[in-house]
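Q: Here's a sequence, model it:
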Amino acid sequence: MTYDSNNIFAKILRGEIPSFKIFEDDDTFAFMDIMPRADGHCLVIPKTPCRNLLDATPDQLASVMSTVQLVSRAAISAFDAHGATIQQFNEAAGGQEVFHLHFHILPRHDDIKLRPPGVMAEMEMVKSHADRIIAALS
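A: Numbering: from 1, shown residues only. Now for the predicted structure:
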């Protein structure tokens, strides 16, 4: 399998598609999921081409996981969550839909189920959730 440089996350990194950025460093980019399954649902990706965990370099994984931890703590704080679900899928058979390594961060509360996948959120709500996580990162 080869990396497709025209996948949606590569386009977001190039600024061809807008996103609600919540964090960026030299190696990683974190932004809101526009089809959130929980309030504060966001994604962390490497800035370098990488299809998924199976072809990632150790450096890519270390950078991404460091950002996943940082953003997870902020999202939990921003939403007064009791924990977080971290999801990562590999290849179509494993549930991967966008073939650029990414980790989902979903702040979780006791007794609140995840919303169904594939439902577009109101962009004002997504922006307000981004603002809350950004504030928690400060």
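Q: Show me which positions of the host helix or strand of R73 end up buried.
A: Element membership of R73 [criterion: DSSP states H and E] is helix 58-78. By 16 or more other CB atoms under 10 Å, the buried positions in helix 58-78 come out as 60, 63-64, 67-68, 70-72, 74-78. The way it works is simple: take the backbone N, C-alpha and C, and place the C-beta from them, glycine included.
Q: What of stretch 112-132?
A: Within stretch 112-132, the residues scored as buried using 16+ other CB under 10 Å are A121, V126, H129, A130, R132.
Q: need these in a markdown table with distance to R115, pLDDT and secondary structure, can you?
A: Compiled in a markdown table, these are given as follows (distance: CB to CB, whole Å; pLDDT from 0 to 100; DSSP: H, G, I helix; E, B strand; the rest coil):
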| residue | distance to R115 | pLDDT | secondary structure |
| --- | --- | --- | --- |
| A121 | 9 | 97 | coil |
| V126 | 13 | 98 | helix |
| H129 | 13 | 98 | helix |
| A130 | 18 | 98 | helix |
| R132 | 18 | 98 | helix |
